[in-house]
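[1] for reference, the sequence and a predicted model appear below.
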Amino acid sequence: MKKRHGCKRNSGHINSLPSTWRTASLCLAIVGSTAQSLAAQANTSANTSQRIQQLTDAMTRAQQTIEETQQQLNEMRKELTDLQQQLKAGGATATLPTADTTQGTPALPTQAVADVQDIRERQDMQQTEIATQEQTKVESESKYPVKVTGMLLLNGFVNTSAVDMPSVPALAVGGPGSTGASVQQTVLGLDAHGPHLFGARSYADIRVDFFGNTQTNNATTTYSGYYNGNSALLRLRTAHAGLQWEHTQAYFALDRPIFSPDSPTSLTAVAEPPLAWSGNLWTWNPQLGITHDVIHGSRGLRLQAALIDVGDAPVLPTVTSTTGVTSPSTAEQSRWPGIEGRVALFGSNDADQGNHVGVGGYFAPHTNSYGKQYDSWAGTLDARFHLPSQFQLTGSFYRGKGLGGLGGGTYKDFVYRSDPNRSYFRELDDVGGWTQLQRKLNERIQFNAAIGFDNVFAYQLRPYASTDGNVYQNLARNRTFTGNVIFSPSAYLLFSVEYRHLDSTPVTGSTHRANVFGVAAAYKF
């Protein structure tokens with residue numbers, strides 16, 4: 001009770017103070033509260049400035065670490081390059097060591113690693129989007145990507161004397177010349193990529209042109225030009241389908257022989273490759289093969305083998321048939337496929353366009369319409385060398401027998417004649433080849449010069465010389481000199497001028513010669 005009484009007394013004392021003192025006390029309380037608030041704000045500003053400074057210092061240290069790491073990586077790269085050069089100079093192969101982060105090499109910051117991973121994910125996403133866009137351009141039933149390719153080609157020509165094909169001459173036949181232009185060498189193609197099978201990527205492609213036969217019959221009332229609905233202009237050129245592993249390829253193809261992988265360069269000779277029937281074994285035949293590359297450092301060994309169905313030579317004496325059915329080729333009548341193989345050494349991890357040297361072989365049995373059996377065969381050598389000053393030397397050579405179905409043998413595999421008492425038959429030995437020197441000034445302009453020849457043995461052909469003036473039957477040697485300039489102002493436009501000289505020599509009589517001047521313009525798509 002006393003305690004409560006005392007409290008009341010004190011309270012009454014305070015209440016008895018003058019109002020001035022009460023006002024002063026209230027002002028002091030407000031001032032104190034304001035001071036505390038200002039002090040708190042000052043402390044907050046100081047903490048924010050301190051944190052900003054700490055973050056700035058941390059970013060500076062991280063940047064310094066990255067720069068030091070990059071400098072060390074550059075120094076290591078330089079040391080490895082010097083070591084590789086020393087080992088190469090000593091005839092050894094350099095082996096790149098892997099980085100060891102436990103031996104004092106600073107690791108990249110975690111944020112940098114995360115940024116790199118993010119960039120990679122974005123690239124993968126962009127590649128997927130690009131593939132999707134490409135698929136929407138050309139839709140295939142399989143829904144796998146298909147790409148349309150091609151080249152619209154216009155070529156003009158001036159032949160000083162008669163040739164076998166005015167727009168793409170390969171043989172001089174004697175007689176007046178010709179002048180004209182053609183778009184029949186235009187090429188269309190499809191490239192497709194399919195699913196993975198047995199751990200391999202599947203692919204397929206096809207190429208066609210318009211160099212088919214435009215002549216339907218000899219009736220004068222039938223128009224035989226380009227726009228005749230009966231003209232068979234479209235022609236299948238090449239086709240490929242296969243499975244591609246990292247170093248192995250299994251395929252089916254309609255293409256040139258595997259032992260003749262290279263071809264001279266030309267823009268005016270596309271329907272038939274440059275130096276066709278003058279040392280370039282080029283004909284497109286069905287093949288079923290396998291290729292395997294053995295890689296060791298920057299060098300490799302390519303092993304190739306295939307079965308081949310060789311077509312007949314353009315000049316093939318046959319027995320007249322009245323059955324109305326299509327006769328099988330001489331190779332098909334033997335009932336055995338041909339075989340071919342090639343072994344090549346290559347460098348720079350590029351067996352197709354890099355330096356390489358290859359040897360090859362071919363064998364195929366034949367049975368002709370006369371019941372005569374013979375074997376065609378060939379041994380080949382091919383090479384490509386990149387020389388200083390942007391020069392490149394390429395060539396291919398062969399020795400064989402019965403090579404008309406491959407683009408050799410001066411258009412024939414064998415010769416045949418008969419008289420009332422007996423018949424005579426002989427397959428023809430053949431030798432030939434070509435070489436080209438190329439100079440690329442830059443990515444837009446290049447110069448090419450090439451020579452090729454094909455020669456059957458005259459002593460084998462002479463007893464079978466034709467008396468009816470057949471230039472193909474009597475042809476013993478065909479030789480071509482050519483040179484061209486190709487200018488490409490962009491990746492899709494090509495222009496070229498070319499000169500070609502043909503020497504075609506029969507086994508009896510004089511040589512036929514022709515000079516060919518050509519121009520070409522092409523648009524690639």
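    Yep, it's here.
[2] ok, then the element right after the host helix or strand of residue 123?
    If you go by DSSP states H and E, residue 123 is part of helix 110-137. Downstream of helix 110-137, the next assigned helix or strand under DSSP H and E is strand 146-163.
[3] show me what that next one is packed up against.
    helix 110-137, strand 172-182, strand 187-197, strand 512-524 (3 or more Cβ pairs under 8 Å, 6 or more residues apart in numbering; DSSP states H and E). In this view, the C-beta of every residue, glycine as well, is placed from N, C-alpha and C.
[4] report the angle between it and strand 172-182.
    Strand 146-163 runs at 130 degrees relative to strand 172-182, counting by axes from the mean of the first three to the mean of the last three Cα atoms, to 10 degrees.
[5] what comes up buried for strand 146-163?
    Neighbour-count burial for strand 146-163, counted by 16 or more other Cβ atoms under 10 Å, picks out 146, 150, 151, 153, 155, 157, 159, 160, 161, 162, 163.
[6] again with stretch 185-198
    Neighbour-count burial for stretch 185-198 flags 185, 186, 187, 188, 189, 190, 191, 192, 193, 194 (criterion: 16+ other Cβ under 10 Å).
[7] quick one on the thing from earlier: for residue 260, state which of the buried residues of strand 146-163 is nearest.
    Nearest to residue 260, judged by Cβ to Cβ, of the buried residues of strand 146-163 is residue 151 at 22.4 Å.
[8] pick the one among the buried residues of strand 146-163 closest to residue 465.
    residue 162 (20.6 Å).
[9] pLDDT score for the residue nearest to that closest one when sequence neighbours are not counted?
    Distance criterion Cβ to Cβ, 6 or more residues apart in numbering; nearest residue to residue 162, sequence neighbours excluded, is residue 175 at 3.3 Å. Per-residue pLDDT puts residue 175 at 92.
[10] equivalent analysis for residue 33, please.
    pLDDT, residue 33: 54.
[11] for residue 123, state which of the buried residues of stretch 185-198 is nearest.
    Checking those one by one against residue 123 (Cβ to Cβ), the nearest turns out to be residue 193, at 19.3 Å.
[12] so what's that closest one up against?
    144, 145, 201, 202, 203 (Cβ atoms under 8 Å, 6 or more residues apart in numbering).
[13] buried only: go through those for me.
    Burial by neighbour count, 16+ other Cβ under 10 Å: within the contacts of residue 193 this picks out 145, 202, 203.
[14] just give the nearest non-adjacent residue to residue 491, would you?
    residue 524 (7.4 Å).
[15] if we can go back for a sec, can you list the buried residues of stretch 185-198 in TSV and add distance to residue 279?
    Formatted as TSV, those follow (distance: Cβ to Cβ, whole Å):
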residue	distance to residue 279
185	21
186	27
187	23
188	29
189	27
190	31
191	30
192	34
193	36
194	37
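[16] residue ranges with poor pLDDT in the protein?
    Low-confidence segments of the chain (pLDDT under 70): 1-49, 86-118, 121-122, 124-139, 214-232, 317-325, 469.
[17] domains in it, by residue range?
    18-82, 107-137, 138-214+231-524 (automatic domain parsing).
[18] for these, which one ends up most surrounded?
    Stretch with highest mean neighbour count among the domains of the chain: domain 138-214+231-524 (a mean of 18; mean count of other Cβ atoms under 10 Å).
[19] these two touch, right, residue 199 and residue 245?
    Yes - if you go by Cβ atoms under 8 Å, residue 199 and residue 245 touch, sitting 6.5 Å apart.
[20] shouldn't residue 158 be in contact with residue 514?
    No - using Cβ under 8 Å, residue 158 makes no contact with residue 514, being 10.5 Å away.
[21] overlap in contacts of the two?
    Common neighbours of residue 158 and residue 514 (Cβ under 8 Å, 6+ apart) are residue 177.
[22] can you pull out the helices in the stretch 251-400 of the chain?
    330-333 (DSSP state H, counting those that start in this stretch).
[23] do the same with the stretch 401-525 of the chain
    458-461, 471-474.
[24] save these as JSON lines, and put in distance to residue 417 too.
    Formatted as JSON lines, these follow (distance: least, Cβ to Cβ, whole Å):
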{"stretch": "helix 458-461", "distance to residue 417": "11"}
{"stretch": "helix 471-474", "distance to residue 417": "10"}
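[25] closest one to residue 71 among the ones you listed?
    helix 471-474 (72.3 Å).
[26] now the closest one, how far from the centre of its chain.
    Put simply, helix 471-474 sits 38 Å off its chain's centre (Cα atoms, centre = their mean, to the nearest Å).
[27] what's it packed up against?
    Short answer (3+ Cβ pairs under 8 Å, 6+ apart): helix 471-474 packs on strand 493-506.
[28] what strands line up against the strand it packs on, and which way round?
    Strand 493-506 has the following sheet partners, assigned by DSSP bridges: strand 475-490 (antiparallel), strand 512-524 (antiparallel).
[29] so how far is it from its chain's centroid?
    25 Å.
[30] distance of residue 162 relative to residue 174?
    6 Å (Cβ to Cβ, to the nearest Å).
[31] which element is residue 52 on?
    helix 19-89.
[32] do me a favour and get the end-to-end distance for stretch 164-174?
    Length of stretch 164-174, first residue to last, Cα to Cα, to the nearest Å: 10 Å.
[33] list the contacts of the nearest residue to residue 375 once chain neighbours are set aside.
    Distances taken as Cβ to Cβ, 6+ apart put residue 365 closest to residue 375, at 5.5 Å, once the chain neighbours are dropped. By Cβ under 8 Å, 6+ apart, the contact list for residue 365 reads 331, 334, 336, 338, 373, 374, 375.
[34] spatially, what comes nearest to the third one if we skip its sequence neighbours?
    Going back to what we said before, that points to residue 336. Closest residue in space to residue 336, ignoring its immediate chain neighbours: residue 365 at 5.0 Å, by Cβ to Cβ, 6+ apart.
[35] the first one too?
    Of all residues beyond its chain neighbours, the one nearest residue 331 is residue 310 (4.7 Å), with distances taken as Cβ to Cβ, 6+ apart.
[36] also the fifth one?
    Closest residue in space to residue 373, ignoring its immediate chain neighbours: residue 367 at 5.1 Å, by Cβ to Cβ, 6+ apart.
[37] does that neighbour touch residue 330 like I think?
    Yes - using Cβ under 8 Å, residue 367 is in contact with residue 330, at 6.1 Å.
[38] overlap in contacts, those two.
    Counting by Cβ under 8 Å, 6+ apart, residue 367 and residue 330 have no shared contacts at all.
[39] ok, back up a step: what about the residue nearest to residue 162, distance to residue 297?
    As judged by Cβ to Cβ, residue 175 and residue 297 stand 57 Å apart.
[40] what's the answer for residue 187, then?
    37 Å.
[41] try residue 153
    Distance from residue 153 to residue 297, by Cβ to Cβ: 41 Å.
[42] check residue 307 too.
    Residue 307 sits 33 Å away from residue 297, going by Cβ to Cβ.
[43] can you check residue 373 too?
    Taking Cβ to Cβ, one finds residue 373 at 48 Å from residue 297.
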